[in-house]
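Participant: Any chance you can model this:
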Amino acid sequence: MAVQIHPTALVDARAQIGLDVVIGAYSVIGPDVVIGDRTQIGSHTLIEGRTTIGMDNQIGHHLVLGAAPQDKKYAGEPTSLVIGDRNSIREFCSFHRGTSQDGGVTRVGNDNWIMGYVHLAHDCQIHNHTILASNVQLAGHVHVMDYAIVGGMSGTHQFVKIGAHAMVGGGAILHQDIPPFVMASGNPCKTFGINSEGLKRRGFTTEQIMAIKRAYKAIYRQDLSIEAAAAKINEAAALDADSAAYLHLMSAFITTSERGITR
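Facilitator: Next up, the predicted model:
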């Protein structure tokens with residue numbers, strides 16, 4: 001089908017609109033916006049700034065995408081918001097552009113499920129296949145890795161990283177990083193084992209899940225330093241080819257954490 005733009009929508013003539021795009025009533029699309037094929041945008045949504053949106057996205061009503069960052073250091077630099085393909089982004093979300101103090105880009109990857117009222121501050125990096133439940137609030141420079149699930153009404157401090165396959169409970173307040181595969185919740189946030197059910201659903205074998213559990217115990221249950229825990233995990237990886245990639249992911253995460261891990 002052809003592009004469908006509601007008569008009440010305001011689309012700047014310089015915007016680049018792909019094939020079969022739908023733009024709902026009273027939405028406003030700025031001059032530097034690029035929208036990929038088959039993306040659908042609801043009513044009363046504002047997309048501005050240097051914002052690029054990929055293909056096959058479902059974008060709801062009353063969103064603000066690509067607004068200037070809420071950062072006092074921002075002085076009008078030409079920064080960006082980049083959204084990938086096949087994302088579901090629901091009503092009243094706000095995603096801000098990056099800042100020159102970081103890479104200049106706020107980025108959302110592919111196949112993410114982002115519920116209502118989620119806020120992504122400047123320079124956030126959302127990877128692929130994540131779930132951000134309603135009212136998730138991410139401060140600047142936060143990274144959410146592949147397949148992570150972040151519970152509703154949670155707040156995450158700037159520069160925190162949430163590891164791949166991790167699960168954060170509703171209402172949690174995060175001040176430090178959450179390692180891959182780990183479940184965490186509360187205020188102050190605490191860890192509660194690994195996301196076993198989620199790993200089963202994604203096809204992890206029983207042996208791989210057990211290896212990840214042993215790595216978790218090395219970090220959290222054996223009174224080891226971060227360096228000692230990482231060394232123990234790497235030793236296990238050397239003897240377990242099927243789980244090695246996941247174990248190395250955990251050891252690399254905990255040893256490179258800049259804010260420290262939730263522990």
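
Participant: Helices of the stretch 151-263 of the chain, residue ranges please.
Facilitator: 196-201, 206-220, 226-238, 244-256 (DSSP state H, counting those that start in this stretch).

Participant: angle of the longest one against helix 226-238?
Facilitator: Following axes from the mean of the first three to the mean of the last three CA atoms, to 10 degrees, one obtains 160 degrees for the angle between helix 206-220 and helix 226-238.

Participant: Could I get the average pLDDT for helix 206-220?
Facilitator: Per-residue pLDDT over helix 206-220 has a mean of 98.

Participant: Dump it to PDB, restricted to CA.
Facilitator: Provided in PDB are the C-alpha atoms of helix 206-220 (Å, rounded to 0.1, in the frame of the first residue of the first chain):
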ATOM      1  CA  THR A 206      20.300 -27.700  31.500                       C
ATOM      2  CA  GLU A 207      24.100 -28.000  31.500                       C
ATOM      3  CA  GLN A 208      24.600 -24.400  30.400                       C
ATOM      4  CA  ILE A 209      22.100 -23.200  33.000                       C
ATOM      5  CA  MET A 210      24.000 -25.100  35.700                       C
ATOM      6  CA  ALA A 211      27.300 -23.700  34.500                       C
ATOM      7  CA  ILE A 212      25.800 -20.200  34.800                       C
ATOM      8  CA  LYS A 213      24.500 -20.900  38.300                       C
ATOM      9  CA  ARG A 214      28.000 -22.000  39.400                       C
ATOM     10  CA  ALA A 215      29.400 -18.800  38.000                       C
ATOM     11  CA  TYR A 216      26.800 -16.800  39.900                       C
ATOM     12  CA  LYS A 217      27.800 -18.600  43.100                       C
ATOM     13  CA  ALA A 218      31.500 -17.800  42.500                       C
ATOM     14  CA  ILE A 219      30.500 -14.100  42.300                       C
ATOM     15  CA  TYR A 220      27.900 -14.000  45.100                       C
END
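
Participant: buried set for stretch 255-263?
Facilitator: 257, 261-262 (16 or more other CB atoms under 10 Å). Heads up, the C-betas are built off the backbone N, CA and C, glycines and all.

Participant: Please give the centre-to-centre distance between it and its chain.
Facilitator: Relative to its chain's centre, stretch 255-263 lies at 18 Å (CA atoms, centre = their mean, to the nearest Å).

Participant: From the rest of the structure, what touches that stretch?
Facilitator: For stretch 255-263, the surrounding residues in contact (CB atoms under 8 Å, 6 or more residues apart in numbering) are 157, 159-161, 174-179, 182, 184, 189-191, 219-220, 226-227, 230, 253-254.

Participant: Same check on stretch 99-114?
Facilitator: Here stretch 99-114 has contacts from 54, 69, 71, 73-74, 77-90, 93, 95-98, 120-132, 140-141, 146, using CB under 8 Å, 6+ apart.

Participant: For it, measure first residue to last.
Facilitator: 22 Å (CA to CA, to the nearest Å).

Participant: List the buried residues for that stretch?
Facilitator: Applying 16+ other CB under 10 Å to stretch 99-114 flags 99-102, 104-112, 114 as buried.

Participant: where are the low-confidence patches of the stretch 101-250 of the chain?
Facilitator: Of all residues in the stretch 101-250 of the chain, none has pLDDT under 70.

Participant: picking up where we left off before, what subset of the contacts of stretch 255-263 is buried?
Facilitator: 159-161, 174, 176-179, 182, 184, 189, 191, 219-220, 230, 253-254.

Participant: Just the ones in strands from those, please.
Facilitator: 161, 174, 182, 184, 191 (DSSP state E).

Participant: And the closest residue in space to the last one that isn't next to it in sequence, how far from His165?
Facilitator: Meaning Thr191. Using CB to CB, 6 or more residues apart in numbering and skipping the chain neighbours, the partner closest in space to Thr191 is Ala184 (4.8 Å). From Ala184 across to His165, the span is 12 Å (CB to CB, to the nearest Å).

Participant: With Cys124 instead?
Facilitator: Distance from Cys124 to His165, by CB to CB: 19 Å.

Participant: returning to what we had before: which of the contacts of stretch 99-114 fall in strands?
Facilitator: Reading strands off those with DSSP E, I get 80-83, 88-89, 95-96, 120, 125-126, 131-132.
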